[in-house]
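>>> Below are the sequence and a predicted model; questions follow.
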Amino acid sequence: MPLFMDVHNVPGATAQAVADAHKKDLEIQDKYGVKYIRYWLDENSGAIFCLCEAPDKSAAERVHREAHGLVADEIHQVREGS
């Protein structure tokens with residue numbers, strides 16, 4: 001399944017708020033055939049990065065939209081390097 005990295009710009013985001021949003025993603029991801037793998041947060045800039053497997057970009061976006069409404073500013077299809 002394709003891998004996607006999304007980028008959210010949320011100034012003031014905290015580790016707890018991002019963890020809570022990620023938990024909501026995990027609760028509904030199966031509905032859209034998505035598997036969120038990991039996320040990262042840069043608290044200084046408010047940048048959040050989410051890595052997932054999904055059938056397509058729109059499926060990944062639908063999970064975020066339904067789970068908590070924090071739709072990504074960018075979504076990129078990526079390949080893991082060695």
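All right, it came through fine. Numbers count the residues shown, from 1 in each chain.

>>> CA only for contacts and neighbour counts going forward, please
OK.

>>> Would you confirm that residue 74 contacts residue 47?
No. Look at residue 74 against residue 47 with CA atoms under 8 Å: they stay out of range, at 11.2 Å.

>>> Give me the most central residue, this structure.
residue 50 (3.6 Å; CA atoms, centre = their mean).

>>> Residues in contact with the helix or strand in which that one is found: which ones?
Residue 50 belongs to strand 47-53 when assigned by DSSP states H and E. By CA atoms under 8 Å, 6 or more residues apart in numbering, the list of residues contacting strand 47-53 from outside reads 1-11, 34-42, 60.

>>> Which positions within the helix or strand just after that strand qualify as buried?
Next in sequence after strand 47-53, counting helices and strands by DSSP H and E, comes helix 57-67. Neighbour counts using 16 or more other CA atoms under 10 Å place 57, 59-64, 67 of helix 57-67 among the buried residues.

>>> Next, the contact list for residue 8, please.
Taking CA under 8 Å, 6+ apart, one finds 46-49, 70-74 in contact with residue 8.

>>> if we go to 7 Å?
Residue 8 makes contact with 47-49, 72-73, according to CA atoms under 7 Å, 6 or more residues apart in numbering.

>>> about what we covered before: give me the angle between the strand holding residue 50 and helix 57-67.
Using axes from the mean of the first three to the mean of the last three CA atoms, to 10 degrees, one finds that strand 47-53 and helix 57-67 are set 120 degrees apart in direction.

>>> follow-up on the earlier one: wait, which of the contacts of residue 8 is closest to residue 81?
Minimum separation from residue 81 among the contacts of residue 8 (CA to CA) is found for residue 49, which lies at 17.2 Å.

>>> Distance of that closest one relative to residue 72?
Distance of residue 49 to residue 72, computed by CA to CA, to the nearest Å: 9 Å.

>>> Which neighbours do those two have in common?
Once CA under 7 Å, 6+ apart is applied, the residues that residue 49 and residue 72 both contact turn out to be 6-8.

>>> In terms of helix, strand or coil, where does residue 12 fall?
Three-state assignment for residue 12 (DSSP: H, G, I helix; E, B strand; the rest coil): coil.

>>> Quick check: next helix or strand after the longest helix seen in the chain?
Taking DSSP state H as the criterion, the chain has its longest helix at helix 15-28. Next in sequence after helix 15-28, counting helices and strands by DSSP H and E, comes strand 35-42.
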